[in-house]
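K.L.:
Fold the following, please.
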Amino acid sequence: QVQLGESGGGLVQAGGSVRLSCAASGRTFSTYVMGWFRQTPEKEREFVAAISRSGGSTYYADSVKGRFTISRENAKNTVYLQMNSLKPEDTGTYYCGATTKVISIVYVDYAYWGQGTQVTVSS
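P.N.:
Predicted coordinates:
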């Protein structure tokens, strides 16, 4: 089992940048595929980015490709989401998730979640 905790959210102007972090407990972090998802009151939790166990493979939603970068440091049990050129439509609560399955863009495949961190992008 793994426990996750996100940090780094806040209020940012459109065009700005934010880096989110997700720290994991336990010594088996490197055995989990990690993903970032976001949610608003109007939308179901949607996929943002995912990264393989080694960090060698990454996947992005089309809406964030070229602007967001997911990375991980297994030695620090941490996954990051660097968010650049932010847009108001990026506003939402961002969650990191962990799964023992193959890399997935579907939130139900992730068994473990953090509490979320709010990102608000003002226009």
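
K.L.:
Quick one: mean pLDDT for stretch 38-50?
P.N.:
Stretch 38-50 comes out with an average pLDDT of 95.

K.L.:
ok, now which ones touch Arg38?
P.N.:
45-46, 48, 90, 92-95, 119 (Cβ atoms under 8 Å, 6 or more residues apart in numbering). (Each C-beta comes from the backbone N, C-alpha and C, glycine too.)

K.L.:
How about the secondary structure of it?
P.N.:
At Arg38 the chain is in strand, as set by DSSP: H, G, I helix; E, B strand; the rest coil.

K.L.:
Next one: it from Tyr80, what distance?
P.N.:
Computed as Cβ to Cβ, to the nearest Å, the Arg38 to Tyr80 distance reads 15 Å.

K.L.:
All the strands of this structure, residue numbers only.
P.N.:
4-7, 10-13, 18-24, 33-40, 43-51, 58-60, 68-73, 78-83, 92-99, 112-113, 117-122 (DSSP state E).

K.L.:
contacting residues around the last one?
P.N.:
Put plainly, it is strand 117-122. Here strand 117-122 has contacts from 6-14, 16, 18, 20, 38, 83, 86-94, using Cβ under 8 Å, 6+ apart.
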